[in-house]
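A.B. asks: Sequence and predicted structure are below.
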Amino acid sequence: MRFRREARHDRYDAIVVGSGLGGLTAASLLARAGQHVLVAERHDRPGGYAHAFKRGPYLFDSAVHLVGGCEPTPFEGGGLLYHVLESLGVREELEFARIDPLYTAVYPGLELVARAGLEEFIASHARAFPAERKGLEDLVSECLAIRDEARRAAELASPFDVMRAPGHFPTLLRYRRATLARVMDEHLDDARAKAVFATFWPYLGLPPSRVSFLYFATMLLSYVAEGAFYCKGSFQRLARALSDSIERDGGEVLLRSPVRRIVVERGRAAGIVLENGQRIAAPVVVSNADLRQTVEELAGEAKFPARWRRALARLEPSVSAFVTYAATDLDLRRAGATHETFVYETWDHDDAYRSTLSGRPVWWSATVPTLADPSLAPAGVHLLVLTALVPYAAARSWRAEKDGYVARMLEAAESRFPGLRANLRFAEGGTPRTLERYTRNSDGAIYGWALSPDQIGPGRPANAAPLPGLYLAGHWAQPGGGVYGVVTSGVNAARSILGVPTDGDLWRQLGERE
């Protein structure tokens, strides 16, 4: 890609700081609506955690493994990502491979292959736990109700409007403070059935006893009901499609361009200053950056109300992760690999999470993207991405301990895929420090704020910041982390800036501009 030292213009309608999927979504929708938009990104490519990188002939996704709801005719007419891509006119530029099975769950004495599709997903679990079929059906029905009510809630002007219409959102209100563990206890008796149903919890960074049931249900149904997909050519292509759409609609994406500060004049955001000193004016600034850095370093704490700053200080960031990126000529398909495999040495997810916090996790996940897209590596070679959540503070020096973590993860993977180490072609570790360096997320937090019941939706900072002219997109803002959450945040920020009350109104408005 071409790089410029300065933006082409000194004034824009809107400036987006950071090009994660939340920022790119907001910027591309604003550009499509006719706004003159600038995106300033410190890295040499757009995407944030969705960026990809090459190591010799191997192309790795840095963090994103799956997305939901991006087929033209998914469950009930279209997921959010499908609507975004269609409204921007870029859906046909991307090829998504459907992922089914959704994942393989491995526990002591049990292995379960979870299929996509509502009936198939329930049946996968009911075969292992036949006495729990009714409870599983009821639990998935509750997840469906949450999904449907959340869609209707997205048509409201504010998430707080849900509280004003309790009769229309009974499930959302009933479970707004509930953890996944609490709701599973209402429907399932077998502790092992509960553990297997909660297999996906690392995707949200908290165990069932702490993670929001509303957020887990929304994530799970986005895959089970709307379909799980891998973006062929890596998720960098998704980020680049959004970036290219911004430039096609008259905007600009400036790479290798760190932002020194957000300009505040007469009590409102008024533009940015790049690290090279260029000052660029705009009546609207969208920050897709780490929120504490946005407040403390870019805009200045004194510009925000003291009460809001105190609430911000009470929020708990999410955990980080250690990732081993590997390539092997072992036939992982014949070895029983699926796109996503979760291996737990214990049935107790609280124990698994405690081991995570200690820096010695007794669980791990394996992603094999070449099962969906063999073009990521030479013929006969599979890519294998091993992931475990770990806190930034788990190591005194990640530089010194990185090789040890890689060796332990490969040893663990050998137990699942015998012959892996003998057939290894490449292996490299990505530490919490690596994640922090490339994204500037504090301590390498992978979901922004932790996804506990009190830190999703209205419990997170709103997309319109208390500093006029400043908006927030990404996993530090409403509604939460993960691809679905950050894309939603970008849509919400764009709607707020444009004064469009609902998602449906936005799609119609953009469709009329075609």
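C.D. replies: Ah, there it is.

A.B. asks: What is the burial count for residue 119?
C.D. replies: Residues within reach of residue 119, counting by other CB atoms under 10 Å, total 10. To be clear about C-beta, it is placed using only N, CA and C from the backbone, and glycine gets the same treatment.

A.B. asks: Helix, strand or coil: sort out it for me.
C.D. replies: Using DSSP: H, G, I helix; E, B strand; the rest coil, the structure places residue 119 in helix.

A.B. asks: Quick check, pLDDT for it.
C.D. replies: As summarised for this prediction, residue 119 has a pLDDT of 95.

A.B. asks: got it, and residue 80?
C.D. replies: According to the per-residue confidence, residue 80 scores 87 in pLDDT.

A.B. asks: same thing with residue 165?
C.D. replies: At residue 165, the predicted lDDT confidence score is 64.

A.B. asks: Given the helix or strand containing residue 389, what are its sheet partners and their directions?
C.D. replies: Element membership for residue 389 (DSSP states H and E) is strand 382-390. Sheet pairing for strand 382-390, assigned by DSSP bridges, gives strand 320-328 (antiparallel), strand 363-367 (antiparallel).

A.B. asks: distance between that strand and the chain's centre?
C.D. replies: For strand 382-390, the distance from its own C-alpha centre to the chain's C-alpha centre is 16 Å (CA atoms, centre = their mean, to the nearest Å).

A.B. asks: Tell me the buried residues in that strand?
C.D. replies: By neighbour count, and taking 16 or more other CB atoms under 10 Å as the criterion, the buried residues in strand 382-390 are 382, 383, 384, 385, 386, 387, 388, 389, 390.

A.B. asks: What of stretch 453-468?
C.D. replies: Buried residues in stretch 453-468, counted by 16+ other CB under 10 Å: 453-465, 467.

A.B. asks: And for stretch 480-500?
C.D. replies: Neighbour counts using 16+ other CB under 10 Å place 480-498, 500 of stretch 480-500 among the buried residues.

A.B. asks: same deal with stretch 348-355?
C.D. replies: Residues of stretch 348-355 classed as buried by neighbour count (16+ other CB under 10 Å): 349, 352, 353, 355.

A.B. asks: can you tell me which residues contact residue 21?
C.D. replies: Residue 21 makes contacts with 47, 48, 49, 50, 238, 239, 242, 474, 483, 486, 487, 490, as judged by CB atoms under 8 Å, 6 or more residues apart in numbering.

A.B. asks: How about the last one, nearest residue that isn't a chain neighbour?
C.D. replies: Counting by CB to CB, 6 or more residues apart in numbering, residue 490 lies nearest to residue 25, which is 2.7 Å off, once chain neighbours are set aside.

A.B. asks: Do I have it right that that neighbour meets residue 495?
C.D. replies: No - counting by CB atoms under 8 Å, residue 25 stays clear of residue 495, with 11.1 Å between them.

A.B. asks: Quick check, pLDDT for the residue of the chain most remote from its centre.
C.D. replies: Here the centre of the chain is the reference, and by CA atoms, centre = their mean the most remote residue is residue 266, at 35.3 Å. Here, the pLDDT recorded for residue 266 equals 95.

A.B. asks: if we can go back for a sec, how about the buried residues of strand 382-390, which pair is most distant?
C.D. replies: Distances among the buried residues of strand 382-390 were taken as CB to CB; the most separated pair is 382 and 390, at 24.5 Å.

A.B. asks: rewinding a little: just so I know, which of the strands paired with strand 382-390 lies nearest residue 93?
C.D. replies: strand 363-367 (24.0 Å).

A.B. asks: Show me what counts as buried in stretch 291-300.
C.D. replies: Neighbour-count burial for stretch 291-300, with 16+ other CB under 10 Å as criterion, is recorded at 291, 292, 293, 294, 295, 297, 298, 299.

A.B. asks: The fifth one belongs to a helix?
C.D. replies: It stands for residue 295. Yes - counting by three-state DSSP, residue 295 is located in a helix.

A.B. asks: give the contact list for it.
C.D. replies: Taking CB under 8 Å, 6+ apart as the definition of contact, the neighbours of residue 295 are 301, 304, 309, 312.

A.B. asks: one more time with 7 Å
C.D. replies: Shown in contact with residue 295 (CB atoms under 7 Å, 6 or more residues apart in numbering): 301, 304, 312.

A.B. asks: For it, give its distance to residue 450.
C.D. replies: Distance from residue 295 to residue 450, counting by CB to CB, to the nearest Å: 18 Å.

A.B. asks: quick one, the helix or strand hosting residue 104 and strand 363-367 angle?
C.D. replies: Element membership for residue 104, per DSSP H and E: strand 103-107. Interaxial angle, strand 103-107 versus strand 363-367 (axes from the mean of the first three to the mean of the last three CA atoms, to 10 degrees): 150 degrees.

A.B. asks: Now do strand 103-107: distance to the chain's middle.
C.D. replies: On CA atoms, centre = their mean, the centre of strand 103-107 falls 21 Å from that of its chain.
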